[in-house]
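Chemist: from the sequence below, what's the structure:
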Amino acid sequence: MQSTKSYKAPKSIKNLSVCSSVDFHGNEFKALVYEFMANGNLCKCLHQVGVGDHRQLEEPRNFKLLKRLDISVDVTSALECLHCGCESTIIHGHLKPSNVLLDDGMTAHIGDFGLAKIISTISKYGMGDMTSTLGDVYSFGILLLEMFTGKKPTDDMFKNHLNLHNFVKNAFPD
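Modeler: Here you go, the predicted structure:
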């Protein structure tokens, strides 16, 4: 089955303003103000949100398979642009559902570049302070498993050598 969604270059989140000020405790802070993402983040859409007794305030959305695929393609396109579409390679370093933001048309945007690194040569991921695109690709794989199973990698069911990867592997042994 082919998606009717036509290819489009990944959208970046527009930086509307920057701010440097002092909070009410007298601490200096800096902030970036971005465009509003009307549909929040992917984590909010996949899982119940809230803290403690307030978890039931908002139910996760029931995304159809095609919408999940569209979001996956948007994230893939954005990662490809970061890794290959710039003069220097940009590594996000913290790809997860809460950092995938959804606009009013449900187009996915990658946000939170606080851990991003710009590198000119690819080094091996996980070796000290060295990072690579492979870490982003691994995180994207975990994000896909979470999107299509509805399970967080930190779900309480994952104990005694069971994790999200093994959960999926056991479900599809062949």
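Chemist: and the helices in this protein, which stretches?
Modeler: With helices called from DSSP state H, the chain shows them at 42-46, 65-84, 133-149, 164-171.
Chemist: list the contacts of residue 104.
Modeler: The contact partners of residue 104, taken as Cβ atoms under 8 Å, 6 or more residues apart in numbering, are 38-39. Quick note: C-beta positions are derived from backbone N, CA and C, even for glycine.
Chemist: hmm, back to that, mean pLDDT and distance to residue 35 for the helices of the chain - can I get that in JSON lines?
Modeler: Formatted as JSON lines, the helices of the chain follow (pLDDT from 0 to 100; distance: least, Cβ to Cβ, whole Å):
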{"stretch": "helix 42-46", "mean pLDDT": "90", "distance to residue 35": "17"}
{"stretch": "helix 65-84", "mean pLDDT": "92", "distance to residue 35": "15"}
{"stretch": "helix 133-149", "mean pLDDT": "92", "distance to residue 35": "22"}
{"stretch": "helix 164-171", "mean pLDDT": "88", "distance to residue 35": "32"}
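Chemist: out of these, the one nearest residue 20 is which?
Modeler: helix 65-84 (26.6 Å; Cβ to Cβ).
Chemist: and the residue in the chain sticking out farthest from the centre, what's its pLDDT?
Modeler: Each residue of the chain has a distance to the centre, and by Cα atoms, centre = their mean the biggest one is for residue 26: 32.8 Å. Listed pLDDT for residue 26 reads 92.
Chemist: distance of it from residue 33?
Modeler: 22 Å (Cβ to Cβ, to the nearest Å).
Chemist: can you check residue 66 too?
Modeler: From residue 66 over to residue 33 (counting by Cβ to Cβ), the distance is 33 Å.
Chemist: also residue 158?
Modeler: 37 Å.
Chemist: more crowded one of the two?
Modeler: residue 158 (16 against 11; other Cβ atoms under 10 Å).
Chemist: can you tell me, leaving aside adjacent residues, what's nearest to that one?
Modeler: Once flanking residues are discounted, residue 158 sits nearest to residue 164: 6.5 Å by Cβ to Cβ, 6 or more residues apart in numbering.
Chemist: do I have it right that the one you found meets residue 148?
Modeler: No. Judged on Cβ atoms under 8 Å, residue 164 makes no contact with residue 148 at a distance of 10.7 Å.
Chemist: out of these two, which sits in the busier spot?
Modeler: Each of residue 164 and residue 148 has its neighbours counted (other Cβ under 10 Å); residue 164 has more, 19 against 15.
Chemist: so who does the more buried one touch?
Modeler: 142, 145-146, 149, 151-153, 155, 158.
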